[in-house]
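In: What follows is a predicted protein model with its sequence.
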Amino acid sequence: MTESSSPVILWFRRDLRLSDHAALRAACSAGTPVIPVFILDDLAEGLGAAPKWRLGRGLAALQAELERIGSRLILRRGVAREVLNDLIAETEAGAVHWTRAYDPAAQSRDSEVKADLKARGIGAHSFPGHLLFEPWTVETKTGGYYRVFSPMWKAVRQRDIPAPEPRPGSIPAPDRWPRSDRLEDWTLGAGMRRGADVVGSHVQAGEAAAQARLDRFIDAGIGAYDTRRDIPGVDGTSGLSQYLSLGEISPQRCWHAGLRARQEGQPGADTFLKELVWREFAYHLMYHSPHILTGNWRPEWDRFPWQTDPEHPHVLAWKQGRTGMPFVDAAMREMHVTGRMHNRGRMIVASYLTKHLMTHWRIGMDWFEQHLVDWDPASNAMGWQWSAGSGPDATPYFRVFNPETQLDKFDPDGAYRRAWIAEGQGDPPETALSYFRVTPESWALTPDDSYPAPVVSAAQGRRIALEAYENRTPAAKSDR
């Protein structure tokens, strides 16, 4: 069969939606059967516990939505190239469509797949959809990529972003569906152990949930976004990160919602649009300088004396939310219970680990990769390097967030602390108690424990960090 008359395999990855989906739209426009597929390959198998569990929830939602319109999601496990070849042989498909990925591992996989398909005369078509701008389309005036956010924001904020496209009313089905694995047999939530039920009560997955969250935010949250987004004790953020991570909503839909809010005079709209471009900046950097995922973006920081033992007692206290710094501990416990962490909390816990505890940012980045349901390779790496001082457009190393004054400023009534730290409360809320139901039993933590004294005080940590900063080798000081 020719590509023009044979089925099209639609390879889902981080694009678990039906609207604003260029690859799906192109497949349906061909008028031939479309076979939606998800492949559990090494990249998906290698996800941390929480993002892998969250992927399972997203796939279940997509499965249900496809079945509702008369289609299916075919699940296969194995090497992507081999799985696709098997499916092509079974279905006589003439083309494979997918949405582009930008991390180096996925790009390597996709390049291999595309070369193999083309060599065999099979159509191989990749489409945009995970970003507002393809990374190679954004350049400085002198050429090259942006290393600082502000000029990138100025360069792209007036760009014309295509309007979101509606989902297809139906997807042409083949006469005979190929075999599919059962999602439950993949046990994607195995790594969560006893935490899955608790975290699950805080997660709503799928495209419908994503669009509902966006609508609620635009209707009731974006007006006060400038001020409330920094207050961890209230629901003041967009809450869209987990949906953007898995592509359950497109950045285009979020962008146009923000534009409409700006046209209506909502004061937080510009800040929301800027946050969407901050996500783009992370992908821009990952695409152009992929070493940001694994090593210091600024090589002069390779000699910085961070401690690198992930089992150090201070690191364990940080992981457990038992540092004695309420802002740090509340944020870490919020992540254990909900799979998410408030953005202000992320800055505070990252600063405390890398500066007060002098611990390498990779240890924190790896911990987040295991525990965040909104884990994203580009945003996670850039956020940690930004906080540590080793990354592009980073917060200066000598800017050491004080977790005590930050809590006084952004949680003056103690709502955030009370919500997540049970110790010392006579009648702690369910959120705080839930923490003890999700943590490893080997930690042997109970709400009756005494709240710990600081492992490193705010003043002591700042002094240690600044001394290390000032005593770096000459080579390591070259970024000052």
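Out: Received the coordinates, thanks. Residues are numbered from 1 along each chain as shown.

In: All the strands of this protein, in order from the start?
Out: Assigned by DSSP state E, the strands in the chain fall at 8-12, 34-40, 74-77, 95-99, 123-127.

In: for Arg179, what are its contacts?
Out: By C-beta atoms under 8 Å, 6 or more residues apart in numbering, the residues touching Arg179 are Ile74, Glu90. The way it works is simple: take the backbone N, C-alpha and C, and place the C-beta from them, glycine included.

In: Ser150 too?
Out: Ser150 touches nothing, counting by C-beta under 8 Å, 6+ apart.

In: With Ala23 instead?
Out: By C-beta under 8 Å, 6+ apart, the contact set of Ala23 is Leu10, Trp11, Asp15, His97, Trp98, Thr99, His125, Ser126, Phe127, Gly129.

In: And the pLDDT for it?
Out: Listed pLDDT for Ala23 reads 98.

In: Nearest to Ser250 among the contacts of Ala23?
Out: Here the nearest of the contacts of Ala23 to Ser250, counting by C-beta to C-beta, is Gly129; it sits at 6.3 Å.

In: And the helices in the stretch 351-480 of the chain?
Out: Applying DSSP state H, counting those that start in this stretch to the stretch 351-480 of the chain gives helices spanning 361-371, 377-388, 403-410, 415-420, 430-438, 458-470.

In: Most tightly packed of those helices?
Out: Greatest average neighbour count among these goes to helix 377-388 (a mean of 24), per mean count of other C-beta atoms under 10 Å.

In: who does that helix touch, helix- and strand-wise?
Out: Contact partners of helix 377-388 among helices and strands, from 3 or more C-beta pairs under 8 Å, 6 or more residues apart in numbering; DSSP states H and E: helix 269-288, helix 343-351, helix 361-371.

In: most packed of these?
Out: Among the helices and strands packed on helix 377-388, ranked by average contacts under mean count of other C-beta under 10 Å, first place goes to helix 343-351 (a mean of 23).

In: residues in contact with that helix?
Out: With contact meaning C-beta under 8 Å, 6+ apart, helix 343-351 is reached by 229-232, 237, 318, 327-328, 330-332, 334, 341, 361, 364, 383-384, 387-388, 395, 400-401, 403, 406, 410.

In: hmm, try it at 7 Å
Out: Outside helix 343-351, the residues that touch it by C-beta atoms under 7 Å, 6 or more residues apart in numbering are 230, 232, 237, 327-328, 331-332, 334, 364, 383-384, 387-388, 400-401, 403, 406, 410.

In: quick one: that helix to chain centroid distance?
Out: Centroid separation between helix 343-351 and its chain, computed with C-alpha atoms, centre = their mean, to the nearest Å, is 15 Å.

In: need the helices of the stretch 351-480 of the chain in a markdown table with distance to Ala50 and mean pLDDT, can you?
Out: A markdown table is the format used below for those (distance: least, C-beta to C-beta, whole Å; pLDDT from 0 to 100):
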| stretch | distance to Ala50 | mean pLDDT |
| --- | --- | --- |
| helix 361-371 | 5 | 98 |
| helix 377-388 | 12 | 96 |
| helix 403-410 | 24 | 95 |
| helix 415-420 | 17 | 97 |
| helix 430-438 | 11 | 97 |
| helix 458-470 | 28 | 88 |
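
In: Any chance of those helices in JSON lines with distance to Pro151 as columns?
Out: Conversion of the helices of the stretch 351-480 of the chain to JSON lines gives the following (distance: least, C-beta to C-beta, whole Å):
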{"stretch": "helix 361-371", "distance to Pro151": "25"}
{"stretch": "helix 377-388", "distance to Pro151": "16"}
{"stretch": "helix 403-410", "distance to Pro151": "28"}
{"stretch": "helix 415-420", "distance to Pro151": "34"}
{"stretch": "helix 430-438", "distance to Pro151": "41"}
{"stretch": "helix 458-470", "distance to Pro151": "27"}
